[in-house]
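# Sequence and predicted structure, then a few things I'm wondering about:
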Amino acid sequence: MRWQCSWIAPIFITAAAALGHAEQRLHKPSPPPGFVTARGTKFELDGKPFAFVGANSYWLPLLTSQSDVEATFKTMKNAGVKVLRTWGFNAINGSELAEALKSDLTYYQVWNSSEWILNEGPQGLKRLDNVIKTAEKYDIKVLLAFTNNWVGYGGMELYINWIAGSGHSHDIFYTDKRIIASYQNYVRAIVDRYKESPAIFAWELMNEARCLGDLPAGPACIAGTELLPKWYREQSDFVRSLDPHHMITTGGEGHFFWKNPVKYWFNGTLVSDYNFNGAAGEDFDRDITFPNIDFGTYHMYPQTWYPELDTPGSNFSVEAWGLDWIDAHIKSANKAGKPLLLEEFGVTGLSNKTTMYTSWVKRALDTKHASPIPLRTFSGIMPWQFGQLGLKESGGNRLIKYADALINGASPNDGFAIFTNQTAVWDIFTNAAKVQNSRSK
Ligand SMILES: *[C@@H]1O[C@H](CO)[C@@H](O)[C@H](O)[C@H]1NC(C)=O
Ligand SMILES: *[C@@H]1O[C@H](CO)[C@@H](O)[C@H](O)[C@H]1NC(C)=O
Ligand SMILES: *[C@@H]1O[C@H](CO)[C@@H](O)[C@H](O)[C@H]1NC(C)=O
Ligand SMILES: *[C@@H]1O[C@H](CO)[C@@H](O)[C@H](O)[C@H]1NC(C)=O
Ligand SMILES: *[C@@H]1O[C@H](CO)[C@@H](O)[C@H](O)[C@H]1NC(C)=O
Ligand SMILES: *[C@@H]1O[C@H](CO)[C@@H](O)[C@H](O)[C@H]1NC(C)=O
């Protein structure tokens, strides 16, 4: 199975590229039972529409106790969650190994001073195996990301530092042949491990790819750059060559590169909106049309992205900015004829959450909202992030890594976590899940 490709990709790529459009995707081979696919602007499962509310939980494979993993899936199931997004990466460097072994930290790869060593053991990929197996048991699908734009849990900066050495810019990740080969080695290991599993919802090339990150941007990182679109296209083709059936997506934040970017007033100055002017390297309208990008993703944190919104002298509110961002993506996904996933979104503060999530979720899932644009897309939504109470490992208290910790049995909370005890917020998502699940028939 490892090296086979039962699907003749080049024919499809040529046809789709010629039309510049997604409708050719109907020529894909029919997937095995239980695999989610993209048909037009809808996700489909076994011939029926698959609309869903999902959950983000990067910390699930970091748990050391299987009964806590089970308890978390039970809570998700009860909330009507159908798709879980988690990290399919976790890399450490050699100098972190001793501490990782001591603290029982999950890691999938360690750099041994000359190459990555895959950890398939009980403290490594066995933990991810358990999460996938448990997902299967609870009939929840998993969206797995292959690496991270940010340093967290061993993202792309680690590849750059170790393979190319220090002093490089962030974006060489997308062009350095040795780094691309190393990324692909890891991707192959993960895809081969789970490609037969219907519990995989889709593969995600990277969490929040940008041409800049925790390392500085290089001179090629400018609006309209080919860096990211080219990498998305090549890596999605690569993943397709390994796995003919599972969907593939970018995992991007959904930045646009518009000729006339959105502008807003702040403190007497007209500002060009970063999310619409291409400065981060993505071009959502274009990236979503690539033949092996099966659906679009976007993220939404206007409160932290734009501290200047909701201040005197700004002509935007956080809530209104979010609604426009949702509309812009639905419009673009409709044009491309592909489904759309609002893959991460969040605000801090309980009353902010209650107000904003009510209005954003309504807009993201409203298929009848007719004006100013017809919203035909059945979007999936995934708030950041799922919270679980009552975790028992280490007595309910454990420092994981960075600032992540279990505190009194509560899963890591970066200010965005949503717990069952926050009833008003919790209900927004369980009610939305009921609506979505009733559409999946
Ligand atoms: C390796 O990990 C240590 C400990 O987290 C960190 O201080 C160091 O910067 C890392 N080295 C590289 C090259 O990433
Ligand atoms: C790293 O691992 C490879 C493959 O197992 C081995 O050949 C090499 O000697 C190791 N290097 C170090 C410094 O441990
Ligand atoms: C804010 O002002 C700019 C420039 O006049 C305008 O293009 C934009 O539509 C305004 N935004 C809102 C939400 O009114
Ligand atoms: C707003 O503009 C004034 C005048 O240019 C400046 O003094 C002030 O620092 C600015 N405020 C902010 C929050 O940028
Ligand atoms: C709620 O949102 C407002 C506006 O963005 C922000 O200033 C405030 O800090 C938020 N509240 C909390 C508790 O985070
Ligand atoms: C819910 O549980 C969390 C985590 O234990 C706690 O911080 C919070 O105070 C509890 N109550 C509410 C209303 O959020």
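Arrived safely. Ligands and ions are numbered 1, 2, ... in the order given.
# Show me which residues of the stretch 1-150 of the chain sit near ligand 1.
Neighbours of ligand 1 within the stretch 1-150 of the chain, by C-beta under 6 Å from any ligand atom: N93, S95, E96. C-beta here means a position set from N, CA and C on the backbone, and glycine is covered the same way.
# what about the second one, neighbour count?
One way to gauge burial is a neighbour count; for S95, by other C-beta atoms under 10 Å, it gives 9.
# Check for me that it belongs to a helix.
Yes. Judged by DSSP: H, G, I helix; E, B strand; the rest coil, S95 forms part of a helix.
# residues in contact with G390?
A71, G396, G409 (C-beta atoms under 8 Å, 6 or more residues apart in numbering).
# measure the second one to ligand 3 for me?
As for G396, its distance to ligand 3 is 45 Å (criterion: C-beta to the nearest ligand atom, to the nearest Å).
# what do you get for the first one?
Spatial separation of A71 from ligand 3 under the definition C-beta to the nearest ligand atom is 44 Å.
# go on, A202?
Computed as C-beta to the nearest ligand atom, the A202 to ligand 3 distance reads 33 Å.
# Next: N119.
Taking C-beta to the nearest ligand atom as the measure, N119 and ligand 3 are separated by 49 Å.
# Please shift the residue numbers so they start at 709 in all later answers.
Okay, residue one is now 709; in that scheme the one you just asked about reads as N827.
# my guess is that residue meets Y815, correct?
Yes. Assessed by C-beta atoms under 8 Å, N827 is found in contact with Y815 at 5.8 Å.
# between these two, who's got more neighbours?
Between N827 and Y815, counted using other C-beta under 10 Å, the more crowded position is Y815 (24 against 21).
# By proximity to ligand 2, which residue of the stretch 909-1058 of the chain wins?
Each residue of the stretch 909-1058 of the chain has a distance to ligand 2, by C-beta to the nearest ligand atom, and the smallest belongs to L950, at 23.0 Å.
# Among the contacts of G1098, name the buried ones.
Of the members of these, the ones counted as buried by neighbours, 16 or more other C-beta atoms under 10 Å, are A779, G1117.
# which of the contacts of G1098 come close to ligand 2?
Answer for the contacts of G1098 near ligand 2: none qualify (C-beta under 6 Å from any ligand atom).
# Let's see which of the contacts of G1098 end up in helices.
Assigned to helices by DSSP state H, the following of the contacts of G1098 qualify: A779.
# Make a markdown table out of the contacts of G1098 and add distance to G1088.
Compiled in a markdown table, the contacts of G1098 are given as follows (distance: C-beta to C-beta, whole Å):
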| residue | distance to G1088 |
| --- | --- |
| A779 | 24 |
| G1104 | 32 |
| G1117 | 29 |
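# after whichever strand or helix holds N838 comes which helix or strand?
Here N838 is covered by helix 833-845, with elements defined by DSSP states H and E. Past helix 833-845, further along toward the C-terminus, the next helix or strand under DSSP H and E is strand 849-853.
# so that next one versus helix 833-845, what angle?
For the pair strand 849-853 and helix 833-845, the angle between their directions (axes from the mean of the first three to the mean of the last three C-alpha atoms, to 10 degrees) equals 150 degrees.
# and the residue of this structure nearest ligand 3?
As assessed by C-beta to the nearest ligand atom, ligand 3 sits closest to N1023 within the chain, at 3.8 Å.
# How many residues are close by the residue of the stretch 959-1108 of the chain found nearest ligand 5?
Closest approach of the stretch 959-1108 of the chain to ligand 5 (C-beta to the nearest ligand atom) occurs at G1057, with a separation of 2.6 Å. Here the neighbour count serves as a burial measure; for G1057 (other C-beta under 10 Å) it reads 11.
# what's near enough to touch it?
For G1057, counting by C-beta under 8 Å, 6+ apart, there are no contacting residues.
# who does W795 bridge with?
The bridge-partner assignment for W795, based on DSSP bridges, gives A853.
# I'd like to know how far it sits from L936.
Separation of W795 from L936 (C-beta to C-beta, to the nearest Å) stands at 20 Å.
# what's the distance between stretch 1036-1051 and the middle of its chain?
Relative to its chain's centre, stretch 1036-1051 lies at 15 Å (C-alpha atoms, centre = their mean, to the nearest Å).
# if you look at it, does any of it touch ligand 3?
No. Shown here: stretch 1036-1051 not in contact with ligand 3 (C-beta under 6 Å from any ligand atom), separated by at least 12.6 Å.
# now the end-to-end length of that stretch.
Here the two ends of stretch 1036-1051 are set 15 Å apart, with distance taken as C-alpha to C-alpha, to the nearest Å.
# ditto for stretch 820-833
End-to-end span of stretch 820-833 (C-alpha to C-alpha): 18 Å.
# who touches that stretch?
Under the criterion C-beta under 8 Å, 6+ apart, external residues in contact with stretch 820-833 comprise 799, 802, 808-809, 812-819, 834, 890, 893-894, 897, 901.
# what's the pLDDT at A717?
For A717, the pLDDT comes out at 29.
# likewise L727?
Per-residue confidence (pLDDT) for L727: 37.
# same question, L1017
In this prediction L1017 is given a pLDDT of 76.
# what do you get for A1028?
According to the model's per-residue confidence, A1028 sits at a pLDDT of 93.
# Can you name the helix or strand that it falls in?
Assignment of secondary structure by DSSP H and E places A1028 within helix 1026-1044.
# Over to G960?
When elements are assigned from DSSP H and E, G960 belongs to no helix and no strand.
# quick one: it from F751, how far?
Note on G960: its distance to F751, by C-beta to C-beta, is 18 Å.
# next one: G860
28 Å.
# which of these two has more neighbours?
When G860 is set against F751 and neighbours are counted by other C-beta under 10 Å, the residue ahead is F751, at 30 against 17.
# Could you look up the SS state of that one?
Reduced to three states with three-state DSSP, the structure at F751 is strand.
# Leaving out sequence neighbours, find the closest residue to it.
What sits nearest to F751 in space, not counting adjacent residues and going by C-beta to C-beta, 6 or more residues apart in numbering, is F758, at 4.1 Å.
# if I look at the one you found, how far off is Q1144?
The gap separating F758 from Q1144 is 9 Å, by C-beta to C-beta.
# Common neighbours of these two, please.
When C-beta under 8 Å, 6+ apart defines a contact, the residues bordering F758 and Q1144 alike are K790.
# Show me what counts as buried in whichever strand or helix holds I898.
In this assignment (DSSP H and E), I898 forms part of helix 885-902. Counting neighbours by 16+ other C-beta under 10 Å, one finds that the buried residues in helix 885-902 are 887-888, 890-892, 894-899, 901-902.
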